[in-house]
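Peer 1: Kindly generate the corresponding structure for this input.
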Amino acid sequence: DLARRIGSAGDTDRGLLEKFRVRYGELSPETRLEFFRWLAGEFEVGKEQIEGPISSIESVSEEDRAAWNECMRELRRSIASPRQRLLEGLIYTTGGMHFVLELRAQVLEAQRGGEADLEALEEDIAHLLNRWCQHGLLFLEEINHQSSYQTVRFLKERELVHPMVSLEEMGQRLGEDRMCFALYHAVMPREPVVFIEVALSRGLLRSIHDVIEDREDVRAAAKSPDTAIFYSINNTQNGLAGLGLGKVLILRVTEALRERHPSLVSYSTLSPIPGFWGRYLRPILEGHDEKFRLKRAVVVKGFSEKAQALVLRRAGELVGERQDFAGALLAVLSRPDWLDDQVLAAVLRKPMVDLAFGYITREKDARGKPLNPVAGFHLGNGAAVARTNVNFAANRSPRGVAESCGLMVNYVYSQKAFAPLGRAVRSLLPWSRRH
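Peer 2: Below is the predicted model of the structure:
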């Protein structure tokens, strides 16, 4: 009833909106899902609401500009969804941006759980958030050693690409050649909505251990750096997923770096390859290859006879029984310490790089997009990748080995790729520094 009153009549009474938020927060997960279904399927413009304006348009000549314009205004008013009016009212309440972001995060979670009929609701929320992320409401700020404790802690807790154990680790990622930039929204000025970590170097950095480990030989600042490496991008709000703020952030940070460091000529990522092992290569080796271009029976063709023999021998030592090559490779790569076997790692380097490059560039989802989401993001932005950009043993951490067999990749951004995207967003995000 509250939703109908707010949405149908456009009632923006603050007390009513706050009451709705309280009631919504009391819903159980099951009831909330039913509410989502109702919002998406039932809370829509009725046919009778648009029949009159459409009839008026049909009876008016375009040559009568005053009458035509009035009819068009009436049509626009009539097709305004009550669902949209409800969302508009909610986002204007105190903390409304947070509320709507959390609402979208819950809708996205429901869609991932199999709820296919919530698309209209998700699109309305995304459209509203996209509007609120334009027209100067976003601003960029560098995070440095002078940033507040609260800000540094906030980012540390939301670093999901290369998680940190302590605040000291965040400090080690800031300095002359290590930087962090965050995008803020004017209605949430104390909480970054997305942030990126950058390393400056001479040439490409091909291992995350050359970026974030605090060793004197690694941390020596590059003289006249010519390359900026984007090695971690994180949304801090789940409700922002898919809205393109990461793309906007890369563009603005590139402009800021270019102004500060004229010697920079190359921009690249050092990216993980999530899903390469758990959602791609392992299922294929287990025989579940129906969804992929790569088939279990042909995996062996990418490995030399020397590599095949060594894999079969190592697998025999592990499981004590004879297997085909795919089964033996599965047994070997399932061990978290296989990269520590230097002889084995040496013979697997080339075929593993080939497999990862194929995953990044050839495997597609049902929509024809790259199966790997990180590849889809960067290649969709205009970045380029070559086989030589796939880096073996670049992340030896337990997580790096478990997710991508220790492989990482450089997606390279050229000036040509940045130009059209930069023109599109330059007016939206004024540079701002707060003190």
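Peer 1: ok, residue 21 - how many residues close by?
Peer 2: Counted with other C-beta atoms under 10 Å, residues neighbouring residue 21 total 17. Just so you know, the C-beta spots here come from the backbone N, C-alpha and C atoms, and that holds for glycine as well.
Peer 1: Not including adjacent chain positions, what is the nearest residue to it?
Peer 2: What sits nearest to residue 21 in space, not counting adjacent residues and going by C-beta to C-beta, 6 or more residues apart in numbering, is residue 99, at 6.1 Å.
Peer 1: If you count neighbours, what's buried in the helix or strand hosting that neighbour?
Peer 2: Using DSSP states H and E, residue 99 sits in helix 96-112. Residues of helix 96-112 classed as buried: 96-108, 110-111 (neighbour count, 16 or more other C-beta atoms under 10 Å).
Peer 1: Now do it, average pLDDT.
Peer 2: Helix 96-112 carries an average pLDDT of 89.
Peer 1: Taking their axis directions, the helix or strand following it and helix 96-112 sit at what angle?
Peer 2: Using DSSP H and E, the next helix or strand after helix 96-112 towards the C-terminus is helix 119-132. Comparing the axes of helix 119-132 and helix 96-112 via axes from the mean of the first three to the mean of the last three C-alpha atoms, to 10 degrees yields an angle of 150 degrees.
Peer 1: Buried residues in helix 119-132, which are they?
Peer 2: Those would be 121-122, 124-126, 128-129, 132, for helix 119-132 by 16+ other C-beta under 10 Å.
Peer 1: What of stretch 393-401?
Peer 2: Here stretch 393-401 shows 393-395, 400-401 as buried, counting by 16+ other C-beta under 10 Å.
Peer 1: Just flag the most distant two among those.
Peer 2: The span of these, defined through C-beta to C-beta, is set by 394 and 401 at 10.8 Å.
Peer 1: which strands and helices sit next to the helix or strand harbouring residue 51?
Peer 2: Element membership of residue 51, judged by DSSP H and E, is helix 47-59. In terms of contacts (3 or more C-beta pairs under 8 Å, 6 or more residues apart in numbering; DSSP states H and E), helix 47-59 is packed against helix 65-78.
Peer 1: still on that earlier bit, can you redo the buried residues of helix 119-132 as JSON lines, where the extra columns are pLDDT and distance to residue 288?
Peer 2: Shown next, in JSON lines, are these (pLDDT from 0 to 100; distance: C-beta to C-beta, whole Å):
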{"residue": "121", "pLDDT": "89", "distance to residue 288": "33"}
{"residue": "122", "pLDDT": "88", "distance to residue 288": "30"}
{"residue": "124", "pLDDT": "88", "distance to residue 288": "37"}
{"residue": "125", "pLDDT": "85", "distance to residue 288": "35"}
{"residue": "126", "pLDDT": "84", "distance to residue 288": "33"}
{"residue": "128", "pLDDT": "81", "distance to residue 288": "40"}
{"residue": "129", "pLDDT": "80", "distance to residue 288": "37"}
{"residue": "132", "pLDDT": "74", "distance to residue 288": "42"}
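Peer 1: What is the nearest of the residues you listed to residue 252?
Peer 2: residue 132 (17.5 Å).
Peer 1: so what's that closest one up against?
Peer 2: Residue 132 sits next to 91, 97, 185, 187 when contact means C-beta atoms under 8 Å, 6 or more residues apart in numbering.
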